[in-house]
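Trainee: How does the following fold in three dimensions:
(one chain, ligands or ions: 1)
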Amino acid sequence: MQITLFRVTRRHVTHDHVTHYHVTRLKGSVAVLRIGVLLGDDIGLEVVPEAVKVMKAAAAKSGLQVEWKELPIGKRGHELHGHTMPQVTVEALEEMDGFLCGPIGHGAYPRNDPTWIMPPLRKRLDLYASIKPVKSYPNIPSVHKNVDIVFLREVTEGMQSSDTVVAGAGEFRPNDEITIAQRVITRAGSRRVAREAFEIARTRPRRSVTSVHKEPVYRLACGMFAEECRKLAKEYPDVKLEEVLVDGFAMKLVMKPQQFDVVVTTNQFGDILTDEGAGVVGGLGLAPGLCVGERLAMSQATHGSAPDIAGKNIANPYALIMSGQMLFEWLGRKRDEPKATQAARRIDAAVDRVIADAKHLTADLGGKASTTEMGDAVAAAVLQGMTNEKRES
Ligand code: ATP
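Mentor: You can find the predicted model right below:
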């Protein structure tokens with residue numbers, strides 16, 4: 001008979017009286033995290049394994065136990081189960097603590113075939129916030145230096161009809177001269193993304209949240225989002241809240257991005273501003289991401305599946321490696337698992353070192369290394385290295 005033990009941690013009761021419990025599987029008395037690995041298509045087959053390699057090194061070095069489970073998605077999902085988002089994969093993901101998802105090559109999928117779709121994982125798993133760090137490195141060409149921002153974009157509401165509508169359409173055209181589009185904003189949706197922003201700000205030295213909206217024009221929709229951010233700020237007296245209107249924010253982000261720490265905004269504004277942020281620090285190759293829900297998170301880089309360079313072992317694995325780093329950091333915080341936090345810090349420090357050494361960088365970062373050589377260098381730096389925390393003290 002197999003006995004599985006769980007550790008249940010009561011984390012907090014929110015002001016709307018929702019109690020959050022975290023459940024972690026235990027082996028003996030040691031917590032075990034379950035992480036899914038979805039390779040995706042094209043360069044996903046190359047960059048995801050590098051992220052896993054680095055995460056395994058960091059987990060081993062930190063004494064963190066992880067069970068890894070590869071699950072089919074995209075073309076491989078179709079090959080095995082006749083669908084790019086197989087039901088077996090979705091069901092298995094619901095049992096995971098988090099997963100890595102490589103980019104999907106949906107551009108090459110057959111049209112008008114319901115079995116060939118861009119897998120709607122965010123919607124299906126209710127991953128409501130997209131977290132995107134925007135960080136500059138001294139020796140990587142960028143518009144600005146000393147930038148270290150974390151963006152949180154609400155991704156289940158707003159103007160995107162694919163996120164807000166389960167039947168019918170979010171846009172309609174009553175006659176050929178008029179089109180009407182809707183925007184959905186809810187108190188609960190605004191509150192949960194804002195809470196995540198305040199929680200993240202608490203872990204950072206500047207402890208500052210900027211709420212970006214346009215309340216003077218969109219009085220009800222942006223107004224509701226802004227109000228919820230203000231209410232939550234009262235629960236986090238140690239974190240400073242400032243509010244910036246979206247147009248002014250777009251300008252400040254280009255002119256003086258160093259002034260921002262954690263930025264939280266609604267879906268459409270976030271879609272635009274996170275790309276602008278990536279541009280400020282060096283582009284797509286340096287844009288990691290984590291989509292989070294109440295109990296599950298997905299590491300996903302901003303870049304696509306880049307079929308033009310697939311199979312050549314030249315893709316930059318940075319974004320996927322740092323997306324994995326974010327997953328460990330999030331699990332450390334959500335599951336009260338200091339070993340996961342430590343593993344995240346080790347990866348962060350190792351990536352800093354490999355970039356500063358500039359000996360094992362891929363071509364898009366000005367180097368000559370292959371995808372695997374850069375991944376190997378980061379994994380080796382993890383195994384040799386110290387955490388950023390230790391280096392700073
Ligand atoms: P999608 O529509 O799937 O989001 P996209 O059309 O925006 O994709 P990408 O697949 O992201 O485009 O590729 C855009 C360009 O950036 C391509 O020339 C590609 O080779 C390059 N690129 C993307 N990701 C990487 C990477 N990890 N390393 C190096 N180059 C990359």
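
Trainee: What sits closest to the one residue in the chain that gets nearest to the ligand if chain neighbours are left out?
Mentor: Closest approach between the chain and the ligand, counting by CB to the nearest ligand atom: Gly304, at 2.1 Å. For the C-beta atoms, the positions are set from N, CA and C on the backbone; glycine is no exception. Distance criterion CB to CB, 6 or more residues apart in numbering; nearest residue to Gly304, sequence neighbours excluded, is Pro103 at 5.1 Å.

Trainee: Gly44 is in contact with the one you found, correct?
Mentor: Yes - at 5.0 Å, Pro103 counts as touching Gly44 under the criterion of CB atoms under 8 Å.

Trainee: Those two: who's more crowded?
Mentor: A direct count of neighbours by other CB atoms under 10 Å for Pro103 and Gly44 places Gly44 higher, at 29 against 26.

Trainee: How about Glu373, nearest residue that isn't a chain neighbour?
Mentor: His360 (5.4 Å).

Trainee: which parts of the stretch 251-393 of the chain sit against the ligand?
Mentor: Contact residues (CB under 6 Å from any ligand atom) of the stretch 251-393 of the chain with the ligand: Leu284, Gly285, His303, Gly304, Ser305, Ala306, Asp308, Ile309, Ala315, Asn316, Ala319, Asp364.

Trainee: can we see that at 5 Å?
Mentor: Contact residues (CB under 5 Å from any ligand atom) of the stretch 251-393 of the chain with the ligand: Gly285, His303, Gly304, Ala306, Asp308, Ile309, Ala315, Asn316, Asp364.

Trainee: Need these in a markdown table (columns: pLDDT).
Mentor: Shown next, in a markdown table, are these (pLDDT from 0 to 100):
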| residue | pLDDT |
| --- | --- |
| Gly285 | 81 |
| His303 | 93 |
| Gly304 | 94 |
| Ala306 | 96 |
| Asp308 | 96 |
| Ile309 | 97 |
| Ala315 | 97 |
| Asn316 | 96 |
| Asp364 | 93 |
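
Trainee: Pull out the buried members of those.
Mentor: Gly285, His303, Gly304, Ala306, Ile309, Ala315, Asn316, Asp364 (16 or more other CB atoms under 10 Å).

Trainee: So the third one: helix, strand or coil?
Mentor: When the structure is split into helix, strand and coil by DSSP: H, G, I helix; E, B strand; the rest coil, Gly304 lands in coil.

Trainee: now do the first one
Mentor: Classification of Gly285 by three-state DSSP places it in helix.

Trainee: Run a quick check on it versus Asp364, I expect a contact.
Mentor: Yes - the pair Gly285 / Asp364 is scored as a contact, 4.7 Å apart, by CB under 8 Å.

Trainee: Find the residue closest to the residue most central in space within the chain in space, skipping its chain neighbours.
Mentor: Nearest residue to the geometric centre of the chain (CA atoms, centre = their mean): Leu290, 1.1 Å. The shortest distance from Leu290 to any residue other than its chain neighbours is 4.1 Å, reached at Met326 (CB to CB, 6+ apart).

Trainee: Same question for Glu276.
Mentor: Using CB to CB, 6+ apart, the nearest residue to Glu276 is Leu253, at 5.7 Å.

Trainee: rewinding a little: name the residues contacting each of Gly285 and Asp364.
Mentor: Asn316 (CB atoms under 8 Å, 6 or more residues apart in numbering).

Trainee: From Leu80, how far off is the residue nearest to Gly304?
Mentor: Going from Pro103 to Leu80 by CB to CB, to the nearest Å gives 19 Å.

Trainee: one step back: number of nearby residues for the residue nearest to Glu276?
Mentor: For Leu253, using other CB under 10 Å, the count is 24.

Trainee: Quick check: it is in a helix.
Mentor: Yes - the assignment for Leu253 by three-state DSSP puts it in a helix.

Trainee: check contacts around it.
Mentor: By CB under 8 Å, 6+ apart, the neighbours of Leu253 are Phe260, Leu273, Glu276, Gly277, Val280.

Trainee: likewise Arg153?
Mentor: Ala129, Ser130, Lys132, Val193, Thr265, Thr266, Asn267, Phe269, Gly270, Asp271, Leu273, Thr274.
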